[in-house]
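*Asks:* all I have is the shape, not the residue letters:
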Ligand code: F6P
């Protein structure tokens, strides 16, 4: 293998740069040339390439975002778009493509694989919604960012004796809400994996108030809807002043945590090692602390496991 391409696609995630760095440096170690493909699949279709060297990835390990930038292309999801992408890779003699992204991006990679492109995937998304890997690149940092922000929200919520509904990202996955909620001792969680009984939640909040609790945090995963409606209904049901905060895009930025740097660097390294060994059409996953290559389609079909135990414990501790 002489030349590979690398792109980041979909929502950016802290640690994507660490993964890019690891892919480029491991490839150069094996004397493989790397083309950085800018702006994800859209940049691939525009032939927006930057040949990368050892300096291209210097000083990026600790940077949030993605130096390759990212996009959501309209043309790439079409059959014509995918065929064109495969032709362009051939034209530029790019023998394999490393795709760093979430579910949608890796589904795109699967379409290219079916057209004969050698693919290696790295799950990169703050959502942690990829069933085949215990963690995705960016999730740990997003949770830490949420925890830091909720600490500030708690200060003002306490001072005013209020309830605050904190909305976090995650698409249909409640992991950011669950892990952040667990770590801040949220009084309640509204997540897609569990049915929501708002009356029961409000009863619990009032029991806490009667016992002397001066404030409450309700974690809300975006997959269950927006915070405004919940604030209104919680205020109606409890009679307690209820405010809301959508943490939004701050969850996607910032320096990656130690865990994400480690995860991304390992995934990048193993991505190229698998390529070198001719094991393509796979995605690099972390399972029980080990890095394994899982066949792409199988990985995409694996249902995401819910951390039931963490949820149960959070319920016990939130009384
Ligand atoms: O997949 C990552 C994510 O941040 C989701 O949590 C969120 O629903 C979505 O991307 C937002 O996407 P966009 O950047 O297109 O607004």
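*Replies:* Yep, it's here. Please read these numbers as outputs of a predicted model, since none were measured by experiment. Numbering: from 1, shown residues only.

*Asks:* now do the contacts for the closest residue to the ligand within the stretch 101-250 of the chain.
*Replies:* The stretch 101-250 of the chain approaches the ligand most closely through residue 169 (3.2 Å), counting by C-beta to the nearest ligand atom. Bear in mind the C-beta positions are built from the backbone N, C-alpha and C, glycine included. Each residue near residue 169 by C-beta atoms under 8 Å, 6 or more residues apart in numbering is listed here: 126-127, 142, 176, 222, 247-248, 251-252.

*Asks:* from these, list just the buried residues.
*Replies:* Among the contacts of residue 169, those classed as buried by 16 or more other C-beta atoms under 10 Å are 126-127, 142, 176, 222, 247, 251-252.

*Asks:* list the contacts of whichever strand or helix holds residue 199.
*Replies:* When secondary structure is defined using DSSP states H and E, the element that contains residue 199 is helix 198-210. Contacts of helix 198-210 with the rest of the structure, by C-beta under 8 Å, 6+ apart, involve 163, 187-188, 190, 216, 218, 230, 233-234, 237-238, 240, 318-319.

*Asks:* again with stretch 302-310
*Replies:* Contact with stretch 302-310 is made by 129-132, 173-175, 178-179, 182, 193, 294, as judged by C-beta under 8 Å, 6+ apart.

*Asks:* who's in contact with the helix or strand containing residue 24?
*Replies:* Secondary structure from DSSP H and E places residue 24 in helix 16-29. With C-beta under 8 Å, 6+ apart as the test, helix 16-29 has contacts from 4, 6, 8, 33-34, 36, 52-54, 56-57, 60-61, 63-68, 98, 100, 122, 124, 137-138, 256, 260-261, 264-269, 271-273, 275.

*Asks:* write the ChimeraX selection for whichever of the residues you listed are buried.
*Replies:* Entered in ChimeraX, the line below selects the buried ones among those, by 16+ other C-beta under 10 Å:
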select :4,6,8,33,34,36,52,56,57,60,61,63,64,65,66,67,68,98,100,122,124,137,138,256,260,261,264,265,266,267,268,269,271,272,273,275
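
*Asks:* so which of the contacts of helix 16-29 sit within helices?
*Replies:* 260-261, 264-269, 271-273, 275 (DSSP state H).

*Asks:* which residue lies farthest from the center of this structure?
*Replies:* residue 210 (38.5 Å; C-alpha atoms, centre = their mean).

*Asks:* could you measure from it over to residue 194?
*Replies:* In this view, residue 210 and residue 194 are 25 Å apart by C-beta to C-beta, to the nearest Å.

*Asks:* repeat that for residue 57.
*Replies:* Applying C-beta to C-beta, the value for residue 57 to residue 194 is 41 Å.

*Asks:* same question for residue 149.
*Replies:* Distance from residue 149 to residue 194, counting by C-beta to C-beta: 23 Å.

*Asks:* helices along the stretch 151-300 of the chain, start to end?
*Replies:* In the stretch 151-300 of the chain, helices defined by DSSP state H, counting those that start in this stretch lie at 175-184, 198-210, 227-238, 258-276, 296-301, listed in chain order.

*Asks:* hey, which of the ones you listed is tucked in deepest?
*Replies:* Mean neighbour counts were taken over these using mean count of other C-beta atoms under 10 Å, and the top value, a mean of 24, falls to helix 175-184.
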